[in-house]
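Undergrad: Generate a structure from the sequence data that follows.
(2 chains)
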Amino acid sequence: MEQQFDWKRYVIVFFITLGLFLTAIYLSNYFNNRKLNQLKTIQDNISIDILSSETQFSLLSELSCKSVSDSILSSELNELGKKIEWGQDNIGNSSELTYLKKYYSLLEIKDYLLMKKISARCGVKSAFILYFYTTAENCGECIKEGIVLSTLKDKYPELRVYSFDFTTDLSAVRAMLDIYKIKDTKLPALVVDENVLTGFTSIEDLEKRIKDSFKLQEVIPEANSPKKGSSN
Amino acid sequence: MTTVSSTIFFILTFLSVYVQVFFLLTFFEKRKKIIRRKENFELEEYPGVTIVVPCYNEEKTIKGTIDSLLGLDYPKDKLKIIVVDDGSKDATWEVAQVFQEYENIKLIRKKNGGKYDAQNVGLLHTDTPFFGCLDSDSFVDSQALKRIMTYFLDPDTMAVAPSIVVDNPKNIIQGAQKAEYDMAIYTKKMLAFLGGIHVTPGPFSIFRKKVFDELGPYRHAHNTEDQEIALRMQEHHYKIEHCPDAYVYTVAPNSVGKLYRQRQRWIYGFLRNAIDYRRILFKKKYGTIAFFTLPSGLISVLSVIFLFGMIFYNITSFLVHKIIQIQVVGIGSVSKFNFDLFFFDTKAIFFMSIVLYTSILVSLLIGRQILEGKFRFSFDVFYFMIIYSAVAPFWVLKAIFNAIRSKQSSWTLEIDKRST
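TA: Numbers count the residues shown, from 1 in each chain, chains lettered A, B, ... in the order given. Model prediction:
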């Protein structure tokens, strides 16, 4: 009793499976596009905020230092940075994400410049760190530095960290690199209070530096946060 | 590297989904042909059947096994039972003596020679037109034989496999196997519809005696003689059926260690037999076994290994990241975690994994439907998914390793003798 090779079944099953895969790809694209749109909206909002602050600043001159510095939402900018970075790892390095990343770098620079102006005019010493890293190669030190910076950001909410990917193809970022003479062989690099630190800077060194430069106050973690480990 | 591994992952997921769709499509097409008989019935004719019980160190279960055979709803004068003690070192032989006076039971004691050898000794003493074996750790339902015999009304049917059910699962290891066996009832039935069965399980598969007269006796077959005989039959275009309502209860390994040894033997046997029978792979005249059963078995072996590699890689990178974090900022600092839907995985492969896991659940439900007549969900399936994904890679790797080195894990080495 020789078996008939039922090739039709194999072809039908192939097309059903293909259909399922195409649906999965479609769903994936749909959600990824929604994510990209979400990023664009956040970016546009931040852009409007910065523009508005700039305008407000020019209009009011030195009269209203307080209201200006309050209006800029650096945490949103940080959040956006995280999302773009996650997107690059998980959505894929699409041209749209590259564009978003450029836009983000530009917003960082604008925010940085504006905050610098405000601090100069209002006489406040701002706690800025410029951070240069690279995604072009496997930079283990950059990963470590990233962890140090996020820990410090959590500890000192007033600290502003502006991160720049060395590989970002944007003239404004290139200009920053030129100003601080950052070379790709010396990454990660930090600019703290106009001093350039190249290579990995440990949390102790960096914390001491920012404490000395900016006189920052550490936030004490809330006593009633149950899931956190003991703070050192 | 990442691109290569995601491409392999994508292909393996595609093939795994393909296998599931293949089964589902067959189910929707043939589901009306699945018979589940509740009422008692009589056969017009009761052909003679010999059941051989090969046993080795089974003093605890042998009596129950033979009692269940005596309890079969089948004329006593048509049912012959041959107990072959394969040189047990425990009291199996003594326990079996209580059946000495039964007219239809024959007790044979021989030197240890392996399960296939014990079965062949039984074959030599068989003079009925039908022959079957029952592992001495299994028990048959009283209606099993009669239900199986109805499939032999088709003169083309040469062997019939039963539905194997895990007997009274007592812990999560056995619970996981219960879910697995229930799923296997579904896939086995689908393979039977397509003529692609590759195992005639040790517990209570019934053959026409002429299969052995024509194709020869059992072979050692890397300790999986029940796979080899099925492949040999497929090679000769002998039809193998599956009787879903013939229940055989088997005692499943109750520890991870025992399960590991059993599965390592099965996978090793599968790989070695697949290599031995590679000549039938992708040959049109062998149909489903050549294009679906054997390739899908090989795909599942590859998938288990690959999935394990992926999980291992992910866990390692996570740990490495955690270690770096502790090195850099100390243990005390726990980074803030904000729940945001944005960070929810939306890769295509994620949706395909959902499809794949859903299809496993569906397989269980269909298996239960065939077995019990209703779609019944149980948490066993989660035990199955968790335990098997954690341990299966190890037995698969060991089996591959052994297959490459051709090292044998054998009955004669007396490690584990359970087989289905």
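
Undergrad: Enumerate every residue touching residue 149.
TA: In the absence of a named chain, this looks at chain A. A:Ile129, A:Tyr131, A:Val161, A:Ser163 (CB atoms under 8 Å, 6 or more residues apart in numbering or on different chains). For every residue, glycine as well, the C-beta is placed using N, CA and C.

Undergrad: sorry, should have said chain B
TA: Counting by CB under 8 Å, 6+ apart, the residues that B:Met149 touches are B:Leu43, B:Tyr46, B:Pro47, B:Val49, B:Phe130, B:Ile206.

Undergrad: Narrow these to those in strands?
TA: B:Val49, B:Phe130, B:Ile206 (DSSP state E).

Undergrad: Check what pLDDT the closest residue to the second one other than its chain neighbours gets.
TA: Using CB to CB, 6 or more residues apart in numbering or on different chains and skipping the chain neighbours, the partner closest in space to B:Phe130 is B:Val49 (4.3 Å). Confidence per residue is given as pLDDT, and for B:Val49 that number is 98.

Undergrad: do stretch B:346-353 and chain A meet?
TA: Yes - Stretch B:346-353 reaches chain A (CB under 8 Å from any CB of the partner chain) through B:Thr346, B:Lys347, B:Ala348, B:Ile349, B:Phe350, B:Phe351, B:Met352.

Undergrad: Dump that stretch to CSV, keeping only the CA atoms.
TA: What follows is stretch B:346-353 as a C-alpha-only set of coordinates in CSV (Å, rounded to 0.1, in the frame of the first residue of the first chain):
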residue,chain,number,x,y,z
THR,B,346,6.4,44.2,19.7
LYS,B,347,8.8,42.2,17.5
ALA,B,348,7.2,39.9,14.9
ILE,B,349,8.9,37.0,16.5
PHE,B,350,7.1,37.8,19.8
PHE,B,351,3.7,37.5,18.1
MET,B,352,4.8,34.2,16.5
SER,B,353,5.9,32.9,19.8
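
Undergrad: Where do the strands of chain A begin and end?
TA: Counting by DSSP E, the strands of chain A are A:128-133, A:160-165, A:189-192, A:195-198.

Undergrad: Could you provide the ones you listed in JSON lines, with additional columns for mean pLDDT?
TA: Output for those, formatted as JSON lines (pLDDT from 0 to 100):
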{"stretch": "strand A:128-133", "mean pLDDT": "89"}
{"stretch": "strand A:160-165", "mean pLDDT": "89"}
{"stretch": "strand A:189-192", "mean pLDDT": "89"}
{"stretch": "strand A:195-198", "mean pLDDT": "87"}
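
Undergrad: Relative to B:Arg36, which of those strands is closest?
TA: With CB to CB, the closest approach to B:Arg36 among the strands of chain A belongs to strand A:160-165: 63.6 Å.

Undergrad: Which elements pack onto that closest one?
TA: Packing partners of strand A:160-165 (3 or more CB pairs under 8 Å, 6 or more residues apart in numbering or on different chains; DSSP states H and E): helix A:74-90, helix A:95-122, strand A:128-133, helix A:140-155, helix A:171-179.

Undergrad: Quick one: mean pLDDT for the second one?
TA: Confidence over helix A:95-122, taken as the mean pLDDT, stands at 84.
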